[in-house]
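[1] Give the three-dimensional model of this entry:
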Amino acid sequence: MKFIEMTGGQLETLIDDGELHESDLQAAGVEAESIIRINEQGDIEIRRANRWDVVGGLLGNFEDRLKKSTGLNWA
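    Alright, predicted model coming up:
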């Protein structure tokens, strides 16, 4: 599966209305320095000490937003 990685801070600027809220990210333990990855289906995962946990998902035209925000492509 391919992903684009970013920080929690980058994720906060990427999310649109109708997706996750700041309180959802906080409840999942996402902080500005957290390591986040998003797959091609829009699933958002946070890196824990020994695993990745799904914390939500992106909707709509997230691929263009993701690539524009990070400057990265699927890897």
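[2] Going along the chain, name the helices of this structure.
    Under the criterion DSSP state H, the chain carries helices at the ranges 8-14, 22-27, 62-70.
[3] tell me what the first one is packed against?
    In terms of contacts (3 or more CB pairs under 8 Å, 6 or more residues apart in numbering; DSSP states H and E), helix 8-14 is packed against helix 22-27, strand 35-39, helix 62-70. (Each C-beta comes from the backbone N, C-alpha and C, glycine too.)
[4] List the buried residues in that helix.
    Neighbour counts using 16 or more other CB atoms under 10 Å place 8, 10, 11, 14 of helix 8-14 among the buried residues.
[5] ok, of those, which one's closest to residue 67?
    Residue 67 lies nearest to residue 14 out of the buried residues of helix 8-14, by CB to CB, at 10.4 Å.
[6] Look up how far residue 9 lies from the closest residue to that closest one other than its chain neighbours.
    Among residues not flanking residue 14 along the chain, residue 69 sits closest, at 4.9 Å (CB to CB, 6 or more residues apart in numbering). Distance of residue 69 to residue 9, computed by CB to CB, to the nearest Å: 11 Å.
[7] just residue 65 next, same as before
    Per CB to CB, residue 65 is found 15 Å from residue 9.
[8] for the worst-scoring helix or strand of the chain on mean pLDDT, packing partners?
    Ranked by mean pLDDT, DSSP states H and E, the weakest helix or strand in the chain is helix 22-27, scoring a mean of 89. Using 3+ CB pairs under 8 Å, 6+ apart as the contact test, the elements touching helix 22-27 are helix 8-14, strand 52-57.
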